[in-house]
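**Q** pasting the structure only:
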DNA sequence: TATGAATGAGTCTTCATTCAT
DNA sequence: CATGAATGAAGACTCATTCAT
């Protein structure tokens, strides 16, 4: 096969740009580590820069403030959650599983999501004074998730809850918070499998209940 | 007339002690107000002392550190929660209500608990770097609550969940977190009555389900 | 004579208050020295605190910002200038000197005013980013001075300038700026006595001129 | 055809040099704009480079420091002033105006000089920590100007001030400072025409006065 | 020569805590 | 016991300048 010199529709990342990308990633990873280890307040920008192996000046070349680092980290997390949700919905539709199977997948996914650096997530979500914009984005994402879940549940005749929209909101919040809490206190409470099973069971019971 | 030296079963509050009590209370109330309004990090000890109407030196006479104030505040909250739980359990036993009625009482009580100064509670619980000891006390209280709840549920034959201990843990955590979240984001999500009703419904469905 | 215990209508300065006064003075003097030696930008608050023999924290207990120090210094200067002006006007009226004698007194006073730490004055007036409020006060003071001068000049029949208000403004600004400049560049230009004499001559000629 | 190597009396501007010239000009103009808008301290070299459309590296290729930019700008201003002075003297000699007409021309020219970017001039003159060398140049220029003025005044028999050298120094400084001040505070003080007229009147009265 | 990412010393400022009175 | 002036470590952030490419 002949390798033609490729035409570049969009300019290839030059080394300089690649470097910048790498620096941003280093900084973000460093911030994640530092916040995770020390909390938001005690995680100083100087420490983050040092951990990233760059000078404090460089940190501020890429992020205009300490807060910006936290926001970037949180946005990554949000995107990750949305991706997982979409993947789950898609798979549930494609594979036409039972309701229980679908819920199991959901719970497993959310546990996995909260499993990575749970302390960091907690810090970003609770300990960090976020700009209103980000806070709103968070709530909006949760609302969007609830809507997607409602849509999906509509496909299951076993789901007999009379107000699907409300039920979906409750379900999403329940999973989000219990799952978060589970990850935040490892070893406390039920063991992992039991916790997942109980959570699924609770959702299933709730959703399939008919009476008011 | 002979003045008999009174027997004191418990040492009578001398004016001095009474004064100290009052100062402690003023400080705690001031701390509650300041943390609630500004958050933990921005709530400075000087502001708290000022608000309490005492000097900063006096504050440190009664509380060895800023953290100690937060801990004391949190302990108050914890005690309040336990009191409510006990009251609820007692009443449920005494009045022999239906399971649903009992759950309604529980949920209503927890909503009420989280309703007062929800921001402060959030700050104390999430934003404050607490010593491990306090954290453990929190978890222990939750465990104790779960045990009490399990005990209570045992009285209801409709509760068919095969592992009551586990179910109680799940129930307590679900109520605690959803209720906390509900208070923390007023106006977001479901309206109050709907939320309470759905939460009760979820618990009831979960607990009365029979199969594994 | 019997010394009666004096009634204190206003509470006597307690040692504590006296101490605070002294600290403020130390700080102001230190700021004057540091700004004078290094300029506004290079005169750091830490250096000022160090020079004053107090900690940086103490500095900020008395002055909320670096700017506040500069403003306080400038206000002192302004007050000093007003005091001199009033003294001069009063003396001129009381002693009923000749116009020339009065002008000589004025010029001498203004030279003396600008003679102390001329660099500091220059720094405060020109190099310091002052809040608008202070800037306005400066201009207002100059206007007030011009009005007082106009009032005074009205008493001298030799003053034949047809528009006294305008003449007074010109006179005040001329004296202010030339005098400031003279102090700022010691040794440059005319010797002191010659400068004072020429300035008086210029004012006298200007004010006594009749034609348009 | 034989290409004769051209004699270059002065090295021809090569494109490269022309480019360099243009870059220097761009940088100076950018510096002028930035200092004028933000002041010396807040006018960062990065902003200047950006405004000039070149990289910060290029800026430092042409100017070794931020200060060097300010100095270059000030030197331009100085040259401009000298040019104006020479033009004025030449014209006064050639047109043989009256003393008053000559003074009017002088004052008008100085007002015009200070009229362009008065804030910038103020910043360069007062806010910028200049090297001694530049400061001396400034004073020297003023001395030279005074000498030229003295020379010119010698031609007017109405000028009866007994020490022309001194009178010229006073006159130059008066015009320089009042004019500067006038431009720096537009709207404050007298209206433009009145100011110019009064200044001329003051100079004329001063210079034509006879007695000591 | 031009570039611009990287540097890091240095600023102002805050605030929990102490201790002499 | 109460007071509150004093402390000073520490933090977020800026910006003139350098140098590898």
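**A** All right, it came through fine. Because the structure is a prediction, the values reported are computed rather than measured.
**Q** where does chain A have low pLDDT?
**A** A:1-18, A:212 (pLDDT under 70).
**Q** Break it down into its structural domains.
**A** Each structural domain of chain A that the record assigns through automatic domain parsing is listed here as a residue range: A:14-63, A:67-208.
**Q** could you dump those to CSV with distance to residue C:61 and mean neighbour count?
**A** All C-beta spots, glycine's among them, are computed from the backbone N, C-alpha and C. Below are the domains of chain A laid out as CSV (distance: least, C-beta to C-beta, whole Å; neighbours: other C-beta atoms under 10 Å in any protein chain shown):
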stretch, distance to residue C:61, mean neighbour count
domain A:14-63, 24, 16
domain A:67-208, 27, 17
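**Q** Which one of the residues in chain A is closest to chain D?
**A** Nearest to chain D in chain A, going by C-beta to the nearest C-beta, is residue A:61, at a distance of 10.9 Å.
**Q** next helix or strand past the helix or strand harbouring that residue?
**A** Taking DSSP states H and E as the criterion, residue A:61 maps to helix A:56-62. Next in sequence after helix A:56-62, counting helices and strands by DSSP H and E, comes helix A:66-95.
**Q** Could you confirm whether that next one reaches DNA strand F?
**A** Yes. With C-beta under 7 Å from any atom of the strand as the measure, helix A:66-95 is seen reaching DNA strand F through A:66, A:67.
**Q** Show me what that helix is packed up against.
**A** Identification of packing neighbours for helix A:66-95 by 3 or more C-beta pairs under 8 Å, 6 or more residues apart in numbering or on different chains; DSSP states H and E yields helix A:15-42, helix A:45-52, helix A:99-115, helix A:132-153.
**Q** rewinding a little: distance of the residue of chain A closest to chain D from residue D:36?
**A** Spatial separation of residue A:61 from residue D:36 under the definition C-beta to C-beta, to the nearest Å is 27 Å.
**Q** Alongside DNA strand E, which residues does chain A contribute?
**A** Applying the criterion C-beta under 7 Å from any atom of the strand, the portion of chain A that neighbours DNA strand E consists of A:16, A:19, A:20, A:23, A:54, A:55, A:56, A:57, A:58, A:60, A:61, A:62.
**Q** Just send those back as a markdown table, with distance to residue D:122 too.
**A** Shown next, in a markdown table, are the residues of chain A next to DNA strand E (distance: C-beta to C-beta, whole Å):
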| residue | distance to residue D:122 |
| --- | --- |
| A:16 | 41 |
| A:19 | 43 |
| A:20 | 40 |
| A:23 | 41 |
| A:54 | 40 |
| A:55 | 36 |
| A:56 | 35 |
| A:57 | 32 |
| A:58 | 36 |
| A:60 | 32 |
| A:61 | 33 |
| A:62 | 37 |
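**Q** Grab the nearest non-local neighbour of residue A:153.
**A** The shortest distance from residue A:153 to any residue that is not its chain neighbour, by C-beta to C-beta, 6 or more residues apart in numbering or on different chains, is 4.8 Å, and that residue is residue A:159.
**Q** element containing that neighbour?
**A** Residue A:159 belongs to no helix or strand when assigned by DSSP H and E.
**Q** my guess is it meets residue A:207, correct?
**A** Yes. In this structure, residue A:159 sits in contact with residue A:207. The criterion is C-beta atoms under 8 Å, and the distance is 4.7 Å.
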